[in-house]
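> Got a predicted structure plus its sequence, pasted below:
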Amino acid sequence: MQLTSQTPLDVLRTVWGYDEFRGAQAEVIDHVVAGGDAIVLMPTGGGKSLCYQVPSLVREGTGVVVSPLIALMQDQVDALSALGVRAGFLNSTQDPTARRDTERAFLAGELDLLYLAPERLTAPDTLDLLDRGRVALFAIDEAHCVSQWGHDFRPDYLQLSLLHERWPDVPRIALTATATAATHAEIRQRLSLGDARDFVASFDRPNIRYRIVPKDNPRAQLLQLLRTEHAGDAGIVYCLTRASVEQTAEFLVGQGIAALPYHAGLDRAVRARNQARFLREDGVVMVATIAFGMGIDKPDVRFVAHLDLPKSVEGYYQETGRAGRDGLPSTAWLAYGLADVVQQRRLIDGSEGDAAHRRRLTQHLDAMLALCETADCRRVQLLSYFGQASEPCGNCDTCLAPPETWDGTVPAQKLLSTVVRLEQRGQRYGVGHVVDILRGKETERVRSLGHGELSTFGIGTDLSDVEWRGVVRQLLAAELLSVDTDGYGTLRLTEGSADVLRGEREVRLRREAPRTGRSRTRGGAAGGRAGGAGAPDLDDEAQAVFERLRAWRAGVAKEQGVPAYVVFHDATLRDVVTRRPADLDELAGIGGVGAAKLERYGAGLLAALEG
Ligand code: ADP
Ligand code: ZN
């Protein structure tokens, strides 16, 4: 596309069919078009791609995009081609003919965008190739991969500082959705982006509703969520282990849900196939370990569910961030219980690395636990973790149904005194037995150990088992109690416990939600409807039309071998349903309908709308 005479806004309107830039996009784009370097921190779904794609079209030459996500390059190129943008990629999966074609197109100045894996970029023949063509800019996507302490470190990223040495006049833009200050500093330093301007967006994802529920019967809880709020929706279910991924996927399939497993232990071909189905088909649920997800830019992921506790708030934010990139209402749902805490502590104790490393892991876990147990707005807490202040959001579980808090000082004292007594006897017992003692249960073990004699035996009949476990969890999160990873999950006192026992510290606890199994927040501001698809405010008739358009889209996508969202996003179809364009002119006014798509799909879409 020859667009160098156009302004960025013209390009946005004609190519993408969007009316306005969002947030910092316009500023970033102007800065890069003018030749400046930039570091862009924006949440997932914030619109990072346009920040380098538009300048690549406006500036002379080809925008070279460095990305670690080889498996997704084909889809990225397809999506751009559907917009009429000339894009190609070079990576190790390609056959030699395709590679030569792409190289030729680049040298002939026929490419707007060229995607490269980092190891390919730093190979001598690629450097030579780039020297012979014309580069508009370098975009370094997923720039946090340069951070050695981060979870996604890629050694090849360290080589990328050579871009600056070799092409000092070509602007560089580094982008990531990882928000912590430490990562930010590392990107600047390791990529030699000393003079780059920073663009740090708000990390809020207002369309995501955060919900964290006590884990009870996780599969039944998950099924309930899927059936009542996300029927037919695409989503991701994260599990900690490969085994639980497979069991959960099998369970969902048994319940008639289109679920697929994904973890690093699966055959590469199976993984690729499952990922392709998730991206291409509507309504697939991917059950996965965290090996899945980076760079998945499927816009219509309606929910991300965690069946196990994430290791850190960063991880939680990254994973939940994959929901709702299209801006439509989406759910981030986490079920968490005591066993998660024990399991994570055990993983930390058994991890490689020195004491400092383990301490860091513990801090990460503690921050995650604090988020789980907070009685305040989840979003406020999440954003403050990233150093951003905000007001209670009205779209998380604690805002929608503020948990009651109660004075748990006396129960905490009862529990801690029981732990003291067992410690004094040198006995190691986990939560189950401690609760049995408090509730005065004459179990086999209580009898054989003579624990009926303990002065705390039976002093806690006022709370149920579930409530006691809630007390334990919250004391753990507040570090007023700790749990050994000795295999027994022995409860231990902490430094803070003494203050509680002496009555010098009040303990406020959140009341456990009643176990109705149903979400308490249905029907709220962005409440999902059964039938899902992120279209909560369509009436039945409109919903039927929307489904018809989706079916049409599925047919077109299949015919062309591209993911459905490459044809049109849900958000665009939804606008079509509510605005009912009568002709191509009116259709062109709808967000996401650019010139190329109008020509290619416009007539078909209007026909499908007619019914
Ligand atoms: P990121 O890479 O930051 O996660 P993307 O670049 O994939 O985000 O953009 C997220 C979604 O928002 C995409 O579906 C994209 O088409 C859409 N989008 C981006 N910028 C705009 C805009 N200015 N107007 C409308 N939609 C936009
Ligand atoms: Zn809130």
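It's in. Numbering: from 1, shown residues only. Ligands and ions are numbered 1, 2, ... in the order given.

> Every contact and neighbour count from this point should use C-alpha atoms.
Will do.

> Any chance of the backbone angles for the closest residue to ligand 2 within the stretch 101-250 of the chain?
Here the residue of the stretch 101-250 of the chain nearest ligand 2 is residue 210; by Cα to the ion that distance is 7.8 Å. Torsion angles at residue 210 (phi, psi; degrees, to the nearest 10) stand at phi -90, psi 130.

> got the contact list for it?
Neighbouring residues of residue 210 by Cα atoms under 8 Å, 6 or more residues apart in numbering: 331, 332, 333, 378, 379, 395, 396, 397.

> I'd like those laid out as TSV, including secondary structure.
Below are the contacts of residue 210 laid out as TSV (DSSP: H, G, I helix; E, B strand; the rest coil):
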residue	secondary structure
331	strand
332	strand
333	strand
378	helix
379	helix
395	coil
396	strand
397	helix
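
> Just the buried subset of the residues you listed, please.
Applying a neighbour-count criterion of 16 or more other Cα atoms under 10 Å, the buried members of these are 331, 332, 333, 378, 379, 395, 396, 397.

> What is the nearest of those residues to ligand 2?
Taking the buried ones among the contacts of residue 210 together and measuring to ligand 2 by Cα to the ion, the closest member is residue 396, at 4.2 Å.

> how much space is there between that closest one and residue 235?
19 Å (Cα to Cα, to the nearest Å).

> remind me which residues of this structure are low pLDDT?
Under the criterion pLDDT under 70, the flagged ranges of the chain are 1-4, 149-151, 485-487, 513-536.

> which parts of it sit against ligand 2?
Residues of the chain lying near ligand 2 by Cα under 5 Å from the ion: 377, 392, 393, 394, 396, 399.

> three-state assignment of the third one?
Going by three-state DSSP, the secondary structure assigned to residue 393 is coil.

> count of neighbours near it?
17 (other Cα atoms under 10 Å).

> now swap in residue 554 and tell me
Count around residue 554 with other Cα under 10 Å applied: 20.

> What separation do you get for the nearest residue to it once chain neighbours are set aside and residue 204?
In space, and not counting its chain neighbours, residue 554 is closest to residue 564: 5.8 Å by Cα to Cα, 6 or more residues apart in numbering. Applying Cα to Cα, the value for residue 564 to residue 204 is 27 Å.

> who has more neighbours, these two?
A count of neighbours by other Cα under 10 Å puts residue 564 above the other of residue 564 and residue 204, at 25 against 19.

> In space, what's closest to the residue in the stretch 51-200 of the chain positioned nearest to ligand 1 - neighbours in sequence excluded?
Nearest to ligand 1, among the residues of the stretch 51-200 of the chain, is residue 177, at 7.1 Å (Cα to the nearest ligand atom). The shortest distance from residue 177 to any non-neighbouring residue, by Cα to Cα, 6+ apart, is to residue 43 (4.7 Å).

> quick one: the helix or strand harbouring residue 572 to chain centroid distance?
Taking DSSP states H and E as the criterion, residue 572 maps to helix 570-579. Relative to its chain's centre, helix 570-579 lies at 25 Å (Cα atoms, centre = their mean, to the nearest Å).

> does ligand 1 sit close to it?
No: judged by Cα under 6 Å from any ligand atom, helix 570-579 and ligand 1 are separated, with a smallest distance of 8.8 Å.

> Can you name every helix or strand that that helix contacts?
helix 540-560 (3 or more Cα pairs under 8 Å, 6 or more residues apart in numbering; DSSP states H and E).

> And the next helix or strand past the helix it packs on?
Helix 540-560 is succeeded, C-terminally, by helix 564-567 (DSSP H and E).

> Now do the same contact list for residue 272.
residue 71.
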